[in-house]
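# take this sequence and fold it.
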Amino acid sequence: MIYPENEGTETPALEDRIRLLEDKESIRGVIIAIARGVDRFDNVLLGDCIHPDADLWMGGDMPIKGAVFVEKLSVPSNPRPGRMHVVGNHRIDVDGDRALSESYVISCQDIEVDDTRSTRLRAGRYLDRLQRFGTRWRLMERILVDEWARSDVLKEIPAQGIRLGQPSPDDISYEWFAR
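Numbers count the residues shown, from 1 in each chain. Take a look at the predicted model:
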C-alpha cells in the first residue's frame, strides 16, 4: 500500500528499473543481431547495429571502422557450409545513453585449408561500447579478447537435414520471420 505522504515515490523507481531492463534487452539484441549478421552475411542488419564510425578491434593491431567492416563482409563465391557464433554470459552496464558490455562468444566455422576440410572453433569475449541514438542502441567499439582456438580435421561428416544454413536472404529464417 502507498501512503499519501509517499505517493508517487515508487513510480519513478519502478520506471527507472523497467527502462534499465528494456535498455539491457535492446543491447543484448544488438549483440546477437551482429552475430546473426556476420553468420548470414547480412550487411543491412550489420549496418543497422554497427555505427559507421565504430572501432572494431577484431584481433589485429589496428581497428576496423564499422562502415568498412559492414561493406567488406560479403558472401563468398562458394560459401562454406556452416558458420555460427554463439553469444552469451552478458554483462551490461548502462549509464544514460552509453553502455559497456562483456559477452562470451564461441564461433564455429567449416573451413578448408590445403584441400583438407576442418572445423575451426574459437572462444573469446567481446568487450563492447554502445551508444543510444534516439531509441536505438548501436555498437561504437568492440574489442575481441581471444581465450582459445583450435582447428580439427573432419574425419566424418554426419548426415544433415534437408535445410542447411544459407547466406541472406536465402536462409529459411528470412522467410520464416517475414510471415
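# hmm, who's touching stretch 18-33?
Identification of contacts with stretch 18-33 by C-beta atoms under 8 Å, 6 or more residues apart in numbering yields 45, 48-49, 87, 90, 92, 94, 99, 101, 103, 126, 128, 130, 132, 136-139. The way it works is simple: take the backbone N, C-alpha and C, and place the C-beta from them, glycine included.
# okay, and which of these map to strands?
87, 90, 92, 94, 99, 101, 103, 126, 128, 130, 132, 136-139 (DSSP state E).
# wait, a strand at residue 16?
No. Using DSSP: H, G, I helix; E, B strand; the rest coil, the assignment for residue 16 is helix, not a strand.
# where does the chain dip in pLDDT?
Where the chain drops to pLDDT under 70, the residues are 1-12.
# just the helices from it, written as ranges.
For the chain, helices defined by DSSP state H occupy the ranges 10-39, 43-49, 66-72, 172-177.
# need the CA coordinates for the third one. CSV is fine.
Read that as helix 66-72. The C-alpha coordinates for helix 66-72 follow below in CSV (Å, rounded to 0.1, in the frame of the first residue of the first chain):
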residue,chain,number,x,y,z
GLY,A,66,32.3,-0.1,-38.7
ALA,A,67,31.4,1.0,-42.2
VAL,A,68,34.4,-0.8,-43.7
PHE,A,69,33.6,-4.0,-41.7
VAL,A,70,30.0,-3.9,-43.0
GLU,A,71,31.0,-3.2,-46.6
LYS,A,72,33.7,-5.9,-46.7
